[in-house]
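Novice: Build me a model:
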Amino acid sequence: PKGAAPKAAGMSAVFSELNKGEGVTTGLRKVTDDMKAKNRTDRSGSVPASAAKAAAAPPPAAAKKVAPPKFALEQGRKWVIENQVENREIVIEDCNPRQTVYVYNCAKSVIQIKGKVNNIAVDKCSRTGIVFEEVVAACEVVNCQSIEVQCSKKVPTIVLDNCAGCQLYLSETSKDAAITTAKSSEVNVLVPGASAADDMVETPLPEQFSSSYVNGKWVTVPVTHSAG
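Specialist: Okay, here's the model as predicted:
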């Protein structure tokens, strides 16, 4: 095609210049010794202070302060268990229905409460077990991960708020407890089987809900997923 001639001519000119050998470099400016970087007087090998400061490694992060463990009865009315790590021998034995139990920031520990107390609150714990006999008001678990709660006698109310991974073991006399969950996931409830020889029956609590406007009001029901 006629349009290809200029392009071919241009390429021929390039190859023609390359074939000249040293003639191609005759029009280039020659680099003298004083122009080479190693001989220039306007450059030095030192790094500016600002650049050196920017390149310096950041200071190490301050070590996280570890609070001391605590296990005490305050004013004869409140059991306080805090900052326990890998302690599976925490036992409250001398308690009464007027006392409360507060468990905070414990990890890999087990707390046993033998007797009846008014209320149990568990906050910011992980991989910890709470084993109790009887509660008058409620057992509240908030901001916890991988927690296990076991009631051997009676608890009217269990509240779970912002928890991820919770196993609730209820006895025959406590399986009628009212369980309230909010912003919680992976919650399973285990109750005794039909007979003493049967395994416990495990039931996951719903995590998803569907709301519909029916007869002038919103109705919310758990979402069920059918197999197959």
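Novice: Show me what the top strand by length along the chain is packed against.
Specialist: Longest strand in the chain, counting residues (DSSP state E): strand 126-142. Judged by 3 or more C-beta pairs under 8 Å, 6 or more residues apart in numbering; DSSP states H and E, the packing partners of strand 126-142 are strand 100-104, strand 110-123, strand 145-154, strand 157-161. Where you see a C-beta, it was placed from the backbone N, CA and C, and this is true even at glycine.
Novice: tell me the angle the longest one makes with strand 145-154.
Specialist: I take that to be strand 110-123. Going by axes from the mean of the first three to the mean of the last three C-alpha atoms, to 10 degrees, strand 110-123 is angled at 110 degrees with respect to strand 145-154.
Novice: Just give me how far strand 110-123 sits from the chain centre.
Specialist: Relative to its chain's centre, strand 110-123 lies at 26 Å (C-alpha atoms, centre = their mean, to the nearest Å).
Novice: quick revisit: what residues sit buried inside the longest strand of the chain?
Specialist: 126, 128-135, 138-142 (16 or more other C-beta atoms under 10 Å).
Novice: try stretch 177-188
Specialist: Buried residues in stretch 177-188 (16+ other C-beta under 10 Å): 177, 181, 184, 187.
Novice: got it, and stretch 90-98?
Specialist: 90, 92, 95.
Novice: What's the end-to-end length of it?
Specialist: From its first residue to its last, stretch 90-98 covers 20 Å (C-alpha to C-alpha, to the nearest Å).
Novice: Identify the residues contacting that stretch?
Specialist: Stretch 90-98 has contacts (C-beta atoms under 8 Å, 6 or more residues apart in numbering) with 71, 77, 79, 81, 84, 101, 109-118, 136.
Novice: try 6 Å
Specialist: Contact with stretch 90-98 is made by 79, 111-118, 136, as judged by C-beta atoms under 6 Å, 6 or more residues apart in numbering.
Novice: Narrow these to those that are buried.
Specialist: 79, 111-113, 116-118.
Novice: Can I get the contacts of stretch 90-98 in a markdown table including distance to residue 219 and pLDDT?
Specialist: A markdown table is the format used below for the contacts of stretch 90-98 (distance: C-beta to C-beta, whole Å; pLDDT from 0 to 100):
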| residue | distance to residue 219 | pLDDT |
| --- | --- | --- |
| 79 | 42 | 98 |
| 111 | 40 | 97 |
| 112 | 42 | 98 |
| 113 | 39 | 97 |
| 114 | 44 | 96 |
| 115 | 42 | 95 |
| 116 | 38 | 97 |
| 117 | 38 | 98 |
| 118 | 36 | 98 |
| 136 | 34 | 98 |
